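K.L.:
Have a look; sequence and predicted model below, questions after that.
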Amino acid sequence: MLRPKARKPRGFPDRSGAELIAERLMLERIGKVYESYGFAPLSTPAFEYTDALGKFLPDVDRPNAGVFSLQDDDEQWMSLRYDLTAPLARYVAENMDALPRPYRRYAVGTVWRNEKPGPGRFREFTQIDADACFAPPPHADAEIIMMFIDALSAAGVDDKDVEIRLSSRKVMTGLLEIIGLDPEDKGRSGTVLRAMDKYDRLGPDGVALLLGEGRKDESGDYTEGAKLEPGQIDSVLRFMEGGDMAEALSANRIGAEGTEELAQIISTLTELGYGERVKLDPSVIRGLDYYTGPVFEAELTFDVENEKGQTVQFGSVGSGGRYDGLIARFKGQDVPSVGCSVGVSRLLTALKSKSALPEPVSPVVVLALESDQMPRYHRMAKALRAEGIAAEVYLGGAGMKAQMRYADKRGAPIVVICGEDERANDQVTIKDLRAGKAASENIESREEWTEERPGQETVAADQLVPWVKDRLM
RNA sequence: GCCGCCUUAGCUCAGUUGGUUAGAGCGCUUGAUUGUGGAUCAAGAGGUCCCCCGUUCGAACCGGGGAGGCGGUACCA
């Protein structure tokens, strides 16, 4: 007989216990921050029509490039959402007249990307976004950035452990114009921007290669360059090396507009006490044909270790920016909008390496020793639950030893034992498993082992709840 | 997509210059208590040595092809 192999599709994580509990807590805290700024929750479906997501793929060779797509029974292509912003744009366009302006909402959800998974990089992950639509710069941008910072704090990131790097697409456009490139020329300008994005990792020399002929990396892969003239390359590098942005761009209309916006945002942030956390950084690029104004990302400043104990470059745990043209795709009219997104899965991974996640609560286990006494066991569990103590009755007909082993594997702090003897005397035996675990560390002989019953006590039946409560709280 | 590494027990991995029954640690099962987990001890179960083709008297090992995994890089809303 041919049996299917039990295996998980690659890039899709199984997650359990402590991680899920930590994630729930994080989402709750961030959501509260968003709500405190007046953002209301909105949930949209996992699927959208492919054209609404902004990918015009079908009929092309690979309808699943980048996203997961399928055809509905009416032949229309649908795709799993790859972020929460594109669905928001669709929602706003569809409900344009009914929404207040500005419209503020936040969204929590799973998103999917059909691409090669890497370390710490999955094809399914969770994001929590907040966006303000019909919200012109620069004040909406300043508000979003403050909220973004508050959200990260609430998620458990120490102020000193994170830095917000800020730049602006308008500034980039200005720079491209100044060196004589057409910002609309997605090919060439895109290559330049992508090269600048790698400044952190490759340094000025690597970026210079990518701006010029091209670059071959250590693994032997070759990346085609932007083929700029030496003078142009020099301009870009001088710009990145932190000259005065405003001065460099003053002659260029859109560039000057960008620097002015950034200055106002920084000024507001500084006045509100967020100035320390934000740094201008021209190597922040983000999505290429998406953002139209300020862009920012949150970078962790501490080292993150992977499972093998190696220090890894972690990258950003959240980002955002202004996208004035996204809704215009539907309505032909620009809707100034700005938003931010926290990558919950990545942030959890990072925090996990820094501090232990809370252990999930394991229940008290009530052993099922006499099969005709099940209602009695259920009554005990119910009484414990009534006091807020997680409790379960063992299910199945295994012997006592197996039940004890189960309780141990389960991580139960306490087991409740009520067999024939206890029942006859209207008593229960309660055993604190944690005591035995502690004692087992320094026990040598088997005799010592079996004689001792650490943490175990037989008490009157009505003392069950108080005894357990006393031990657990 | 491109480059490199890897694939032997449930897990982590040894191994053989090609030669009978392929190993360890951990885990698992059973026992040392007819009602006691976790330490300790003893016994036991568990493998198409990734797949296919070839070379050979003989292949887990050598050659070719394929698949899967890992890492880097590119792309990334």
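P.N.:
Alright, I've got the coordinates.

K.L.:
Mind giving me the packing neighbours of the strand or helix carrying A:D141?
P.N.:
Per DSSP states H and E: A:D141 is located in helix A:139-154. Helix A:139-154 is packed against helix A:17-36, strand A:124-133, strand A:162-168, helix A:253-271, strand A:294-300, strand A:316-322, strand A:337-343, with contacts defined by 3 or more Cβ pairs under 8 Å, 6 or more residues apart in numbering; DSSP states H and E. Where C-beta positions appear, they are placed from N, C-alpha and C, glycine not excepted.

K.L.:
A:D73: which of these is closest?
P.N.:
Of all the helices and strands packed on helix A:139-154, it is strand A:124-133 that lies closest to A:D73, at 24.8 Å by Cβ to Cβ.

K.L.:
Counting by contacts, list what that closest one packs against.
P.N.:
Short answer (3+ Cβ pairs under 8 Å, 6+ apart): strand A:124-133 packs on helix A:17-36, helix A:85-94, strand A:103-112, helix A:139-154, strand A:337-343, helix A:344-354.

K.L.:
and the fourth one, what's its mean pLDDT?
P.N.:
Per-region confidence: helix A:139-154 scores 96 on mean pLDDT.

K.L.:
got a list of contacts for that helix?
P.N.:
Contact partners of helix A:139-154, identified using Cβ atoms under 8 Å, 6 or more residues apart in numbering, comprise A:29-30, A:32-34, A:37, A:39, A:102, A:128, A:130-132, A:159, A:162, A:164, A:166, A:261, A:264-265, A:268-269, A:272, A:274, A:277-278, A:293-294, A:296, A:298, A:317-318, A:320, A:322, A:336, A:338-340, A:342, A:347.

K.L.:
show me the contacts for the spatially most central residue of chain A.
P.N.:
Centroid-nearest residue in chain A, with Cα atoms, centre = their mean: A:V344, separated by 1.4 Å. Listed by Cβ under 8 Å, 6+ apart, the contact partners of A:V344 are A:23, A:26-27, A:30, A:125-128.

K.L.:
top of the residues you listed by neighbour count?
P.N.:
For the contacts of A:V344, the largest neighbour count, defined by other Cβ atoms under 10 Å, is 27 neighbours, found at A:I30.

K.L.:
can you tell if stretch A:339-359 touches RNA strand B?
P.N.:
No: interface with RNA strand B: stretch A:339-359 contributes nothing (Cβ under 7 Å from any atom of the strand), its closest point being 8.7 Å away.

K.L.:
Apart from its chain neighbours, what residue comes closest to the residue of chain A found nearest RNA strand B?
P.N.:
Closest residue of chain A to RNA strand B, Cβ to the nearest atom of the strand: A:G436 (1.7 Å). Excluding the flanking residues, the one nearest A:G436 by Cβ to Cβ, 6 or more residues apart in numbering is A:P454, at 4.9 Å.

K.L.:
Helix or strand: which one has the residue of chain A closest to RNA strand B?
P.N.:
helix A:433-440.

K.L.:
The residue lying closest to A:P360 once chain neighbours are set aside and A:H378, how far apart?
P.N.:
Using Cβ to Cβ, 6+ apart and skipping residues adjacent in sequence, the residue nearest A:P360 is A:G17, 4.8 Å away. Distance, A:G17 to A:H378, by Cβ to Cβ, to the nearest Å: 25 Å.

K.L.:
residues near A:E75, how many?
P.N.:
A:E75 has 7 nearby residues by other Cβ under 10 Å.

K.L.:
pLDDT score for it?
P.N.:
pLDDT for A:E75: 86.

K.L.:
same check, this time on the one 4 residues further on
P.N.:
The score at A:S79 is 90. That number is its pLDDT.

K.L.:
Please give me every residue in contact with it.
P.N.:
By Cβ under 8 Å, 6+ apart, the neighbours of A:S79 are A:47-50, A:53, A:55, A:67-70.

K.L.:
A:Q232: what secondary structure?
P.N.:
helix (DSSP: H, G, I helix; E, B strand; the rest coil).

K.L.:
is it true that it touches A:G180?
P.N.:
Yes: at 6.9 Å, A:Q232 and A:G180 qualify as touching, with contact defined as Cβ atoms under 8 Å.

K.L.:
any common contacting residues for these two?
P.N.:
Common neighbours of A:Q232 and A:G180 (Cβ under 8 Å, 6+ apart) do not exist.

K.L.:
And those two? Which one has more around it.
P.N.:
Ranked by neighbour count (other Cβ under 10 Å), A:Q232 and A:G180 place A:Q232 first, with 19 against 11.

K.L.:
Return stretch A:373-391 as PDB; C-alpha atoms alone will do.
P.N.:
C-alpha atoms of stretch A:373-391 as PDB (Å, rounded to 0.1, in the frame of the first residue of the first chain):
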ATOM      1  CA  GLN A 373     -15.400   7.000  39.000                       C
ATOM      2  CA  MET A 374     -14.900   9.300  36.000                       C
ATOM      3  CA  PRO A 375     -17.600  11.800  37.200                       C
ATOM      4  CA  ARG A 376     -15.700  12.200  40.500                       C
ATOM      5  CA  TYR A 377     -12.500  13.000  38.600                       C
ATOM      6  CA  HIS A 378     -14.300  15.500  36.300                       C
ATOM      7  CA  ARG A 379     -15.700  17.100  39.400                       C
ATOM      8  CA  MET A 380     -12.200  17.600  40.800                       C
ATOM      9  CA  ALA A 381     -11.000  19.100  37.600                       C
ATOM     10  CA  LYS A 382     -14.000  21.400  37.400                       C
ATOM     11  CA  ALA A 383     -13.500  22.600  41.000                       C
ATOM     12  CA  LEU A 384      -9.800  23.500  40.100                       C
ATOM     13  CA  ARG A 385     -10.800  25.300  36.900                       C
ATOM     14  CA  ALA A 386     -13.400  27.300  38.900                       C
ATOM     15  CA  GLU A 387     -10.400  28.700  40.800                       C
ATOM     16  CA  GLY A 388      -8.600  29.600  37.600                       C
ATOM     17  CA  ILE A 389      -6.300  26.600  37.700                       C
ATOM     18  CA  ALA A 390      -5.800  24.700  34.400                       C
ATOM     19  CA  ALA A 391      -6.800  21.100  35.000                       C
END
